[in-house]
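Engineer: Predicted model follows, preceded by the sequence.
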Amino acid sequence: MRIIVDHLTRMRPGHICVAGVDVSSGQHIRPVLRGGLTIDLLARNGGPFDLADLVDLGMVEYCGQAPETEDFSFDQRAARCVRHIPPAHFWGLLQRVARTSLAQIFGPALRPFRRGCVVDLNAGEASLGCLIPADPPRLYVNDYGKIRAIITDGTFTADLSVTDLRLCDTNHRTPKFALVERVGSEMRGGGSVVLSVGLARPWRHPGDTVERHWLQVNNIHLEDEAVWGLQ
């Protein structure tokens with residue numbers, strides 16, 4: 001299976017999440033490993049994964065369940081980067097797979113909750129997609145040092161966690177403040193934006209009673225700079 005990577009997400013320190021578009025089906029695929037993917041698999045560390053990379057995963061086996069219907073296990077020893085996709089071609093891909101509403105991506109199971117959006121456990125049609133927002137997102141760092149974005153598709157308006165690997169230092173915690181400001185400024189300037197959006201693994205919010213899948217912004221893609229790499 002070959003995918004073009006359009007989701008590259010920071011997880012707990014030392015770990016990442018990767019997803020991409022299957023070149024055969026046009027569907028989103030998330031390669032998974034027991035214990036999770038580590039930063040050793042990043043291109044900057046000699047691995048096969050970076051945004052806009054065409055990656056051959058080798059043989060895969062489906063292991064998904066709602067809402068994480070995109071999950072396929074793979075052998076990391078077989079995965080290899082075939083080539084880097086030129087920015088204009090990558091932007092074209094994003095435009096083809098993107099939708100203009102969150103409901104089109106996640107289905108009716110997605111609902112507003114607190115300041116964000118959630119899907120209940122074992123529900124939903126998908127956990128990954130790309131969104132063309134109705135208005136420029138507002139990117140900011142909150143008082144706790146967390147990167148957030150206020151986004152809207154015209155129906156849902158939500159204040160979401162941003163897990164774009166490129167916006168944090170290598171410890172996966174410290175925001176790159178100058179880069180956050182630059183990307184936010186470019187979005188405020190009115191340029192075209194596509195957001196890679198996804199549902200986080202189950203998590204119980206403090207004060208809540210159960211775990212839920214919370215919507216987050218996985219990556220920010222800008223037309224004028226469709227491939228801005230790890231810095």
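Structural biologist: Good, I have the coordinates.
Engineer: how does the protein divide into domains?
Structural biologist: 2-88, 97-222 (automatic domain parsing).
Engineer: Need the mean per-residue confidence for the last one.
Structural biologist: Averaged across domain 97-222, the pLDDT comes to 96.
Engineer: Look at it and report the distance between its end residues.
Structural biologist: With CA to CA, to the nearest Å as the measure, domain 97-222 spans 15 Å from end to end.
Engineer: same check, this time on stretch 158-173
Structural biologist: 22 Å.
Engineer: again with stretch 184-196
Structural biologist: Taking CA to CA as the criterion, the two ends of stretch 184-196 lie 16 Å apart.
Engineer: how far away is residue 155 from residue 73?
Structural biologist: 35 Å (CB to CB, to the nearest Å). Every C-beta, even on glycine, is put in place using the N, C-alpha and C of the backbone.
Engineer: Neighbour count: the two, which is higher?
Structural biologist: The neighbour count for residue 155 versus residue 73, taken as other CB atoms under 10 Å, is higher for residue 73 (15 against 11).
Engineer: Surely the more buried one and residue 58 touch.
Structural biologist: No. In this structure, residue 73 is not within contact of residue 58 by CB atoms under 8 Å, at 10.9 Å.
Engineer: Centre of the chain to stretch 16-24, how far?
Structural biologist: Relative to its parent chain, stretch 16-24 has a centroid offset of 10 Å by CA atoms, centre = their mean, to the nearest Å.
Engineer: circling back to that earlier point, would you list the domains of the chain in TSV and tack on distance to residue 228?
Structural biologist: Below are the domains of the chain laid out as TSV (distance: least, CB to CB, whole Å):
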stretch	distance to residue 228
domain 2-88	8
domain 97-222	7
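Engineer: So which residues of the protein form helices?
Structural biologist: Remark: helices assigned in the chain by DSSP state H are 87-97, 102-106, 177-188.
Engineer: Is residue 160 bridged to anything, and to what?
Structural biologist: residue 149 (DSSP bridges).
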